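S.K.: could you look at this predicted model? Sequence included:
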Amino acid sequence: MSEPAASWPAMDLFAEALSGFLWHTDSEGRLTAATSGFGRTAGLPIGEALGRPFADLVEGAADRRRLEQGFAAGTPFRDMALRFWPARRWTRIGAVPAADGHLGIARGQYPEQPGDIEALIAERVAQHKRGEGTFKRLRPGGDWALYRYFPLPDGGSATLITDITESERQQAELTRLATTDPLTGIANRRSFFDHAQREVERARRYGPPLGVFVLDLDFFKRVNDTYGHAVGDMVLQSVARHALAQIRVTDIVARTGGEEFGALLPETPAEDVSCAAERLRRGVAELDVPTPVGPIRVTASIGFSSLAPGEDRIEPALARADAALYRAKQNGRNRVEAG
């Protein structure tokens, strides 16, 4: 069951018909296989998700606990509504215990919470009856369609369905280019602040802590001056890959400046932000970056902070993290400081 989704052809067709995906976890709750619909629902390539705890792919601490409890109970469960990260699409999942874990199915891909989907369906039915309305839909095969309802003289209605897959893909590519750092492939500064505002609003509404840290490579100018900018770029790319590997799928890491990176850690208390920052600092220090001039090592200084009660923007927390980063530099570099 640990083989990739490509080994499930018959299951894949079945799951596609349900606009969902089949999945399997091992006895530790780690994802070991899934059919192709996983990527569309979760917004994460299956190759990046395999081996991760399945619960880590779910947004919301309470929902992650519900899923973990479902696994621990050792009995079948069904119709558990969860929202996957980073696509933030809702789906309904169910599972049965297997000899070596759980085998389950996810049904449907909803932009709204499934509890609200009945109202959405009712509105679309009403639109159809009125003979008016327009909406887009991601269909099970992965293509996009635009539905337009038109009234007819006899009191009925007609529906015009247009394939808009290519325009949606082009728009998705434009969005990717606008939100991704071209050198490292991770989120850029604009995307970081867009994510930050959404997470601030969620933290204010639901109350979970929101952590943030900033990382700056120590003496990075020396790398560029000594070996050239091409080698410096290799170092930045390696650090970015390492940072992505160290954080949870629900966290966000971005390149916010030349050799500076920022990270958002939703639903993370300060002590856990500190541990994550220290783990990343230690990992960067241990990296041997392969380059044409031989392996290169760098270190990083990190400052971290948390959103304070009453704050409605990320900037104050970032300012505290920046001040802590400055202290880390003053106190000898290659260290983590709290802000």
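M.R.: On my side now, so go ahead. Residues are numbered from 1 along each chain as shown.
S.K.: hey, let's count contacts and neighbours off CA atoms from now on
M.R.: Will do.
S.K.: then stretch 303-317 to PDB, C-alphas only?
M.R.: Presented in PDB, the C-alpha positions along stretch 303-317 are these (Å, rounded to 0.1, in the frame of the first residue of the first chain):
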ATOM      1  CA  GLY A 303      14.300  36.400  15.500                       C
ATOM      2  CA  PHE A 304      10.800  35.300  16.400                       C
ATOM      3  CA  SER A 305       7.600  36.700  17.900                       C
ATOM      4  CA  SER A 306       3.800  36.100  18.100                       C
ATOM      5  CA  LEU A 307       0.700  38.000  17.300                       C
ATOM      6  CA  ALA A 308      -0.300  39.900  20.500                       C
ATOM      7  CA  PRO A 309      -4.000  40.200  21.700                       C
ATOM      8  CA  GLY A 310      -5.700  43.100  19.900                       C
ATOM      9  CA  GLU A 311      -3.300  43.300  17.000                       C
ATOM     10  CA  ASP A 312      -5.100  43.200  13.700                       C
ATOM     11  CA  ARG A 313      -2.000  43.300  11.400                       C
ATOM     12  CA  ILE A 314       1.200  41.200  11.200                       C
ATOM     13  CA  GLU A 315       3.500  44.300  11.100                       C
ATOM     14  CA  PRO A 316       3.900  44.700  14.900                       C
ATOM     15  CA  ALA A 317       4.800  41.100  15.400                       C
END
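S.K.: ok, Asp143 touching Thr165?
M.R.: Yes. Applying Cα atoms under 8 Å, one finds Asp143 in contact with Thr165, separated by 5.2 Å.
S.K.: shaky segments in the stretch 151-300 of the chain?
M.R.: Applying pLDDT under 70 to the stretch 151-300 of the chain flags no residue at all.
S.K.: spell out, range by range, the helices that occur in it.
M.R.: Along the stretch 151-300 of the chain, the stretches classed as helices by DSSP state H, counting those that start in this stretch are 165-179, 189-206, 220-227, 229-246, 270-285.
S.K.: out of the ones you listed, which is closest to Gly39?
M.R.: When the helices of the stretch 151-300 of the chain are compared by Cα to Cα, helix 165-179 sits nearest Gly39, at 14.6 Å.
S.K.: spatially nearest residue to Arg320 (excluding sequence neighbours)?
M.R.: What sits nearest to Arg320 in space, not counting adjacent residues and going by Cα to Cα, 6 or more residues apart in numbering, is Gly339, at 4.8 Å.
S.K.: number of residues surrounding that neighbour?
M.R.: Neighbours of Gly339 under the rule other Cα atoms under 10 Å: 19.
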